[in-house]
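A.B. asks: My questions are about this predicted structure, shown below with the sequence.
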Amino acid sequence: MNRLLFAAAGIAGLLAAGSLAAAERWDMPMAYADSNFHTQNGKRFAECVKIGTGGELEIVVHGGGSLFKGNEIKRAVQTGQAPIGERLLSAHQNENAVFGFDSVPFLATSYEDSKKLWKAARPVIEKILEEQNLVLLYSVPWPPQGIYTKKPLDSAADMKGVKFRAYNAATARLAELMGAQPVQIEAAELSQALATGVAESFISSGSTGYDRKVWEHLKYFYDVQAWLPRNYVFVNRQAWEGVDDTTRNVLRACGYMAEISGTLESELLAGWYLQQLAANGMKVQPPSEQLKADFVEIGEQMTKEWLEAAGDAGKQIIETYRSM
Ligand code: PCA
């Protein structure tokens, strides 16, 4: 009898422990539209983690800046208000110029080069994030960046006085160097900014133009292919240390796969997005010789400025990248 009671108590104890362990749920704020490929990739990552941990860790993705706005996400994860999140990496360029390695004009303009540049930069970025209480999991690039305008653009001089939506320090500086007026706006607010005239032009991928249906307000897309900026996914250190080794391994493995599949998808969709802009009435074209020459000049200036601001860490990234 005693033995039976003991066994029953043991089973009850195990069940209680089991149900406690299964209760882990992580909210994952993301800044971009629910339908965006980064957000969809994040959802597949969450599914992978759920399956890999047998349901012990459930990650719930909140797209479109619905839980925290884009510019709040990093802080929220650093302070543990959210255990995991995704953000545009170069958005932190103001805080540390090194975060803008992927927005140096014409440094890496293809997917192949973007992967190399990330390989060179990753250990440096990982270390900076570590000092900020964050664990880096994975990163996926946006398609190449081009210029959206209302009017035809033949040279940089045509941008004089134009209200230019910026998403990081590099895009704000680009606006300045073209004589345009930079205004920082999150992608989630872009359609409204164009509708109300707060912004009249911007640089971004075909992906964001498609997500935000910018053909309702703008007419031209110039396929400049200036750079491929990255989103990255990161975890609060205490949350990371609060789960067991097996869970951390699953997070790493799913992150690894999410980086590969997300990057492939970005590349596969890049051309399709531009076709969609054209199908919706936009003129999608390469830049004129003059515009190209102007961008090269502006790009050289921005590269010089970035190298000065990013110091030794920046130099190390570029040297490693060039040696690959
Ligand atoms: N889309 C994001 C960043 C880069 C991109 O292609 C945006 O415009 O906010």
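C.D. replies: Arrived safely.
A.B. asks: Within range of the ligand, give me the residues from the stretch 201-324 of the chain.
C.D. replies: Counting by C-beta under 6 Å from any ligand atom, the stretch 201-324 of the chain comes close to the ligand at 204-205, 207-208, 229. C-beta coordinates here come from the backbone N, C-alpha and C atoms, glycine included.
A.B. asks: Where strands are concerned, which of those count?
C.D. replies: Secondary structure defined by DSSP state E assigns S204 of those to strands.
A.B. asks: what does the model give L57 for pLDDT?
C.D. replies: As summarised for this prediction, L57 has a pLDDT of 98.
A.B. asks: same thing with A23?
C.D. replies: At A23, the pLDDT recorded in the model is 76.
A.B. asks: and the gap between the closest residue to P144 other than its chain neighbours and Q276?
C.D. replies: What sits nearest to P144 in space, not counting adjacent residues and going by C-beta to C-beta, 6 or more residues apart in numbering, is Q225, at 4.0 Å. Separation of Q225 from Q276 (C-beta to C-beta, to the nearest Å): 18 Å.
A.B. asks: ok, stretch 92-111 near the ligand or not?
C.D. replies: No - using C-beta under 6 Å from any ligand atom, we find that stretch 92-111 stays clear of the ligand, coming within 9.0 Å at best.
A.B. asks: where along the chain do the helices fall?
C.D. replies: 2-21, 37-52, 73-78, 111-130, 169-178, 190-196, 206-211, 237-241, 245-279, 289-322 (DSSP state H).
A.B. asks: most packed of the ones you listed?
C.D. replies: Highest mean neighbour count among the helices of the chain (mean count of other C-beta atoms under 10 Å): helix 206-211, with a mean of 24.
A.B. asks: Show me the contact partners of it.
C.D. replies: With contact meaning C-beta atoms under 8 Å, 6 or more residues apart in numbering, helix 206-211 is reached by 32-33, 35-37, 142-143, 146, 148, 187, 190, 214-215, 221, 266, 269-270, 272-274, 276-277, 282.
A.B. asks: let's see 6 Å
C.D. replies: The contact list for helix 206-211 (C-beta atoms under 6 Å, 6 or more residues apart in numbering) reads 33, 36, 143, 187, 273-274, 276-277.
A.B. asks: Which single one of those residues is nearest to the ligand?
C.D. replies: Of all the contacts of helix 206-211, A187 has the smallest distance to the ligand: 3.6 Å, by C-beta to the nearest ligand atom.
A.B. asks: mind listing what that closest one touches?
C.D. replies: By C-beta under 6 Å, 6+ apart, the contact set of A187 is 32, 208.
A.B. asks: pLDDT value on it, please?
C.D. replies: pLDDT, A187: 96.
A.B. asks: Thought M28 was touching L67, still the case?
C.D. replies: No - between L67 and M28 there is no contact under C-beta atoms under 6 Å: 8.2 Å.
A.B. asks: the more surrounded of those two?
C.D. replies: Neighbours were counted for L67 and for M28 using other C-beta atoms under 10 Å; M28 has more, 25 against 20.
A.B. asks: E259 versus the most centrally placed residue in the chain, what's the distance?
C.D. replies: With distances taken as C-alpha atoms, centre = their mean, N231 lies nearest the centre of the chain, 1.7 Å away. Distance, N231 to E259, by C-beta to C-beta: 11 Å.
A.B. asks: next one: K43
C.D. replies: 15 Å.
A.B. asks: Thanks a lot, catch you later.
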